Every structure is written in structure tokens, then in C-alpha cells.
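K.L.:
can you look at this prediction? I've put the sequence above it.
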Protein chains: 2
Amino acid sequence: MKPIRIGIAGLGNVGEEVAYQLIKGFRVQNDQFQIELHGVSAKSKDKKRKVNIKNIPFFDDPVAMSHSPDIDVIVELIGGDDGVAKDLCFSSLQNKKGLITANKALIAKYGKELAEIAENDNLFFSFEASVAGGIPILKLIREGLIVNEITKLTGILNGTANYILSEMELTEKNFDEVLSDAQKKGYAEADPSFDIDGIDAAHKTIILSGLAYGKMPNINNLAIKGIRNISLNDIKYCSELGYKIKLLGNSLVTKNEDNEEELFCSIEPWLIPKNFGLSNVSGVLNAVQVQSSLAGSVMITGAGAGGKPTASAVLADIVDFANGTNLLSFGRSSFEIKNNYNTKAYVDKFRFYLRLNVIDKSGVLANLTSIFKDHELSIESFIQKSNHEDKTAELVIITHEADKLILDKALISIIKLDGVIAEPVCLSIYS
Amino acid sequence: MKPIRIGIAGLGNVGEEVAYQLIKGFRVQNDQFQIELHGVSAKSKDKKRKVNIKNIPFFDDPVAMSHSPDIDVIVELIGGDDGVAKDLCFSSLQNKKGLITANKALIAKYGKELAEIAENDNLFFSFEASVAGGIPILKLIREGLIVNEITKLTGILNGTANYILSEMELTEKNFDEVLSDAQKKGYAEADPSFDIDGIDAAHKTIILSGLAYGKMPNINNLAIKGIRNISLNDIKYCSELGYKIKLLGNSLVTKNEDNEEELFCSIEPWLIPKNFGLSNVSGVLNAVQVQSSLAGSVMITGAGAGGKPTASAVLADIVDFANGTNLLSFGRSSFEIKNNYNTKAYVDKFRFYLRLNVIDKSGVLANLTSIFKDHELSIESFIQKSNHEDKTAELVIITHEADKLILDKALISIIKLDGVIAEPVCLSIYS
């Protein structure tokens, strides 16, 4: 049996765990396959690690590793959608190596291009770890549900954002405090914007859409809202009303009147009824729900990040390579995949949650309800909490089912109202 | 491209849907693969079906189809763990055909033997549809989590039983009435015992254990309890207390003092707290939760039965065959799999739900609590509902955490108590 020779670039949390498992020997490694770590590249050669890499060839330049004749597969765990990670990925395939990566930003941007090279040269290229960590969601779509038409994907795709929202509810601390705690615990980056502003979830939604529909949304016209403006009060009101707030990546395909496929896609926080499966996905967990033509709705939940779960996904790709499995990376010819696909925001008829902060003076409510009436919007429930000290009031409204586009028009008028003192928070209610 | 020639034996719900999809042409069938239906076998050739099989070679004897030189893969959808289904499966592999089946009873019994033949002759053999219908749980364990040690599996594996329990709660009808409704709707068989007595869930638990641990429980010493004795009152009491009742197949591996692996396995109804993901798996849905060494806990939910979801799983196996994928059927050498493995019932320290029906006379409660005291069992909550008409009372007890083996001993004494008028219902509370 010819050994499979692995080169790992990047020895962070995930890379270190993958190296550790390869050297320690994981289940099936020794009985079914001979898989060997044959090269590593990292910023520091001598940093203290849980795994001893002294006897493994070390490459200061990861791209040089992709030229080595002693490596069969490159595992790219550097990260970032440009620079050395990009150079390494392209160089690996150009040098006829297999390529495995966990790099969602890179796959969202260059996944199609890389898959085309791999497909042309019949090279292995897989990126299971790039979406939802330890959850084998790409294999689920690409193989388990391969014969299905996928019509909708809904995902809790960012563990940091989900952790913050869960902790706010659990600890009754406000956003900034929980974020700061999460940074101390290592659940959030020093610069948390990718996670809490929805960019990371957007990258994953783009990759999932590529697999599910063969269409990868254009990130520049993608509707992305993060969770920065969710207050502790929002969490409390929603909980009282029977909901949890979750940041969801949604994408769905429908046919328009001309029988053309249209892709709707949004990343934004939603209210999820507490008896829905998605509402119980708490903390750093991720979940993806897939609507499919034959199998119906399939949902998978698990650890969305972390060294060990992500290593599990990387190693599963390595075993697929060792098995000689060579499927199309996106489950279809990459030449058919539409890149930078223009999407519309996922809007439909929903019920909505609206939180407004206003000056507590007469006339404000009358003006507000008059805007609702003008747009034929009706109110299902209403909470007003006045703050006598600063003479402001917080208004929470749940609307009856309404068209999001109409609600957005109403919001434009509401923001301009005399007495409205902050940008309203408006969230759709999942049904 | 050489076409892949399929022979289907059995044109029930699932077989008809598979044939329909193959003739209609499903996603990826025509662009990536040439897959052709080249033979069918069914009880009736001329029965009216949603698919026209007039032009497909028809075999009165399915076993004869496995001898045909014009067939590459046999899809066995006849069912049953013996007779023609068994003959066909063995004959298919002996004739060097690929074999795909949805037959859980057969795989639970002969899966290892069939896998050994397939492994020896490097033949494709897969049975994704045998467990949890449209949910690709076997692929998840066999490939997605391949590098993980699996330590525990928990599954809602029988859609009929889950439907009955959900409907009892929803409609407040009793067991017999809901079962009869389910039979009318086609959700339960005329003879429902396989489903409601836990046998079907046991077959699936055996298959899952084979994949997860390489150990297939001996069905003859497996702890199996069904749902026949669950009353509407049980459902109501549990709901009030914050639980739902679910029939679970549980298996877990631990090491004993001598460092030997022991397999604990039970199929029985449990109380699941309403904020647990498993409690929201309602109706005919199935779910499987996998505890793994690296990826942690992964749960997957979806349609556990029905023509289309099950066809989705069968067709995914067909695509794997077409792709040239040829993995070990159980994710490890079948020669290493331990068949008819002796298991112990899954018992541990849990809290318990106990429902007793007694004659409402003085002394009964004193005798009962004295038995509890003798066994050092303590009561967390207690409900007594007296029926003055027939002078009986229903007692519902939630215990503090206790050892199941001790509780079982107490139950032996309780059953013998003067005044206890029916077999007590005792369910573990999932935690």
C-alpha cells in the first residue's frame, strides 16, 4: 500500500489538531489506510505545541511545500481570501496535488475557479471544514441528498454570533458585556466584525448555495445584517413572546413568471418560535436545515467550530482522498456553477417584530399608527415601556403577516417621524 | 460512458418511486452518469403504477434477475429477513452484482455475512435506506465522522411509533384510537407490532451499532420495550411536567474495569425534556444523535419513512455506485464486525417517571413509600388522582436520580403489593 503523504500549512487550533491526529493515528488510519504527515508549514517552527513536529519536514514557505515531490495532498489551514493562502491553493492544484481546505472566505471567492482546475486535471479538491465545522453538511448535500433538487437552505452558521445571543438570554447581560466575555474565553476574535456582522455566515451561505443550487451569490449585493443592534431588551421581549433570536443564513430558489430561477438570499437575525428545532440550537452550535424535493426537510446540528470538530471534517476529507473517492467538489460540474450571482434579499410575507425608541410625548403613537394604517399594516400585539426619568418609551410591536417590502416602506416613514430617537430594530418571525 | 444497469426487485411505495425517478431522470442522472433501469421484478406485472414499466424487462422470479448478464446492480426492496429477499441478496453478490437494499431486518441479521462476500469480491454493497429513510445517517457515520470514535447513539428510529405518541399528545386521543387512525392513513401496518413493540427500531439500532462500534447486538438478548402501555394520561402528566415521551433506540460503548469494551443497548420509551432537540422531533420524523470523539455531538433529523425520502436514500446509493465509490459497507472490515454481540440493557443513574394504578384504600401509599425507603429511593414530585367512582387512584411519581437496577428491584416488590392493580409504567428521564 502506497502511503498518502499529507502537507499541512497553518498550525493554529485546527492545524495542530490535524497534525496531532495524523501522528497519533486516528481510527481507520492504520488498518485501512497508510496516511502520513510529510510536511508542515507554520509561522513558527519551534513554538510549543501538543504535537511534536521535529521529525516532519518543515517549510518556511507554504507555497514551496506545494512544489515538493514528497507530498500528495496539501491541507490549507492558513485562512484569508488572498495572499499566501490563495497562492498555496492555486499552486497546489497547479502542481497536481490534492487540495483540502477549511478556508470559507477563499472558497466563497475562488471556489469555482479552484474546482475548475481540479475538475480539468481530475484532482481531489474538498472543503468540508469550511462550513459548520464538525458537521458534514457538504457531504450531506453533495452525496447524501445528491438526487434531490434543493429548494431552500437555512443555517445557523456562526458559532460566535449564536453564542453571544444565547449568552445574552442566559446571563441577562447586554451585547457589549457578553462580547467582551466571549473574547476573553476565545469564542470571539479581537476584531469580531466578521462574526457579528454576518460576513462569516455570508461566506458559508455562498458555499452552501454553490453546492445546493450551483449558484454562488455575489457578496457585494448580498443582504447582510449582523447582530450588533440586538439589545438585551429585544432578547427579553422575544423570550416573553415565545421566541429566540438567531442569526440565520437563508437562501432559496424559486421560479419567476418567466420560469427563470431566482435566488433569494439573506443573512440576518430572525425570531424563531421556541418549539422549532432551530431555536434549541444554542451556544457555539451550528445547524443547517435543507429543503429537498424527495427527502423533504433534513436538519443537522453540531459543533460549528473548534479545533477538534473542524479537524474531524479535515480528516474526513483526507480519508475520502485515501479511499480514492473523487467526486465533483460542488456535486456538479464546476463549469456550470454561476459565480457572483446576483441575488435578491429573502423577503416574503411574515409576521414582524419591531422595536422603536421614542420620546414619550403625545402624538408619537398617533403618527406611528397612522403610518401603519396608510400601509395597511395591522398590529398583533403591542408593548410600551416608558422610562419616566428620561421621558422616553420603548415600543415593541408584533405585526400580523405582512409583506416585507411594504413594511420597509413604512419603516422609511417611521424613521423620519418626529420623536423617533434611534434606528428601529425590525426582525422577521420565522414560520 | 458505459451505462449503469439497475434491476429493482419489489415495486411497493419505495420501489415504484425509485423506478419512477430512474425513468423520469433525476438531478445529476443525465449530466454526470448514465443510469438505466434494466430490469424489474414484482408480484404483479400489470398493476397500475405511476411509472410505465412496459418496456423494462420483467422478471417473475427476482432471483433470476440476479443471474442476468444485463444487470450491474440489484436493488432489493422486497423486505423481510428471509425467503426470497435473502435469496436475492446473496445471489446478487454471488453473481458479482452490486447490491443495494432498504431491508433493515435482513441487514440486522445477515448484514455482516453479506458485507464479507462483498468485501472479498470487491463488490458494491450499501443499505443507506435501511435506517431512517431519507436521512443519510449511514453515510454520516461511515464517511462524515469516519475518523471519530463513536461512544453513543440515540435515535428516534420508528416513524409510526413517533407519530402515535405525537398524535396522542396533539389530539388527546388514547393509544388504540390513534393507532386505528394511523392504520387508516397508511402510517401503521395492519399488524403494527414491529413498529409499536420496538422490533423495527431494534433492527435499525443493530445496524447503527455495526457501523458505529463494529458490534451488532444480539436481538435475542436485546432489551426491547414498545409503547403499547403508554396511556394518554402518561402523555398528559409528562407534558405538564415539561417532557415528551419518545421511543428511543440507545446504544453506547464504555470500557469496564478490565479495559474491555461493553456495549449497552436498549429500545424503550423515555421522557425527554421539552427544551432538548429530540423532543421537537414529532410525527413521522426520525432523528439520530451521535456522540463522537472529535466532532462532539451531531444530530440529524428528517423523514424516516415514505416512498420519496426512502427512494432518495436508495438513489444516493445508486449514484455512489455510479461514481465508482467502493467503501467498506460498515466503514470497517466486515470480518472484524462482531455479530450477535451480547449487550446489557442501557441502565444508569437517571430520574424516573413511575405511574401506578392502585385501589384507593388506606395503607397502600404507606406500603409504597416504605418500599421506596427500603431501597433508598427518594421522590422528587408526586401526583395522586383519585377516581371516586371505582375507588381507584392513579399515582404518578418522579424520583430523584436513582440507579435503574435498584429501581427495578423496588418495582418487583411494588408489583406484589396488595392494592396495586396493574403493571406499573416506569420510564427513564433523559438528561
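P.N.:
Received, thanks. Residues are numbered from 1 along each chain as shown, chains lettered A, B, ... in the order given.

K.L.:
any stretches of the stretch 301-431 of chain A with poor pLDDT?
P.N.:
For the stretch 301-431 of chain A, applying pLDDT under 70 flags no range at all.

K.L.:
what comes up buried for the strand or helix carrying residue A:235?
P.N.:
Element membership for residue A:235, per DSSP states H and E: helix A:232-241. Residues of helix A:232-241 classed as buried: A:232, A:234-235, A:237-238, A:241 (neighbour count, 16 or more other Cβ atoms under 10 Å in any protein chain shown). Bear in mind the C-beta positions are built from the backbone N, C-alpha and C, glycine included.

K.L.:
which residues touch residue A:232?
P.N.:
A:168, A:172-175 (Cβ atoms under 8 Å, 6 or more residues apart in numbering or on different chains).

K.L.:
then residue A:91?
P.N.:
Listed by Cβ under 8 Å, 6+ apart, the contact set of residue A:91 reads A:63, A:66-67.

K.L.:
gap between the residue most central in space within chain A and residue A:158?
P.N.:
By Cα atoms, centre = their mean, chain A has its centre lying nearest to residue A:201, at 2.8 Å. Computed as Cβ to Cβ, to the nearest Å, the residue A:201 to residue A:158 distance reads 4 Å.

K.L.:
and for those two, which residues touch both?
P.N.:
Residues touching both residue A:201 and residue A:158 by Cβ under 8 Å, 6+ apart: residue A:247.

K.L.:
can you tell me the closest non-neighbouring residue to the residue in the stretch 201-350 of chain A that chain B sits nearest to?
P.N.:
Using Cβ to the nearest Cβ, residue A:295 is the residue of the stretch 201-350 of chain A that sits closest to chain B, at 3.3 Å. In this structure, residue A:295 finds its nearest non-sequential neighbour in residue B:134, 3.3 Å apart by Cβ to Cβ, 6 or more residues apart in numbering or on different chains.

K.L.:
residue A:19 now?
P.N.:
When the adjacent residues along the chain are set aside, residue A:19 lies closest to residue A:51, with 4.9 Å between them (Cβ to Cβ, 6+ apart).

K.L.:
assumed residue A:283 was part of a strand.
P.N.:
No. Read with DSSP: H, G, I helix; E, B strand; the rest coil, residue A:283 is coil and lies in no strand.

K.L.:
which one of the contacts of residue A:91 is nearest to residue A:207?
P.N.:
Nearest to residue A:207 among the contacts of residue A:91, counting by Cβ to Cβ, is residue A:66 at 22.4 Å.

K.L.:
list the residues that contact that closest one.
P.N.:
So residue A:66 contacts A:7, A:74, A:88, A:91-92, A:94-95, A:97 (Cβ under 8 Å, 6+ apart).

K.L.:
residues from the stretch 201-350 of chain A in reach of chain B?
P.N.:
Residues of the stretch 201-350 of chain A lying close to chain B by Cβ under 8 Å from any Cβ of the partner chain are A:275-277, A:280-281, A:292-303, A:306, A:308-309, A:311-313, A:315-316, A:319-320, A:323, A:325, A:327-328, A:331-333, A:336.

K.L.:
7 Å instead?
P.N.:
A:275, A:277, A:280, A:294-303, A:308-309, A:311-312, A:315-316, A:319-320, A:323, A:325, A:327, A:332-333 (Cβ under 7 Å from any Cβ of the partner chain).

K.L.:
flag the shaky bits of the stretch 51-200 of chain A, pLDDT-wise.
P.N.:
Judged by pLDDT under 70, no stretch of the stretch 51-200 of chain A qualifies at all.

K.L.:
any idea where the helices of it begin and end?
P.N.:
For the stretch 51-200 of chain A, applying DSSP state H, counting those that start in this stretch gives helices covering A:62-65, A:83-94, A:104-120, A:137-139, A:159-171, A:175-185, A:193-196, A:199-213.
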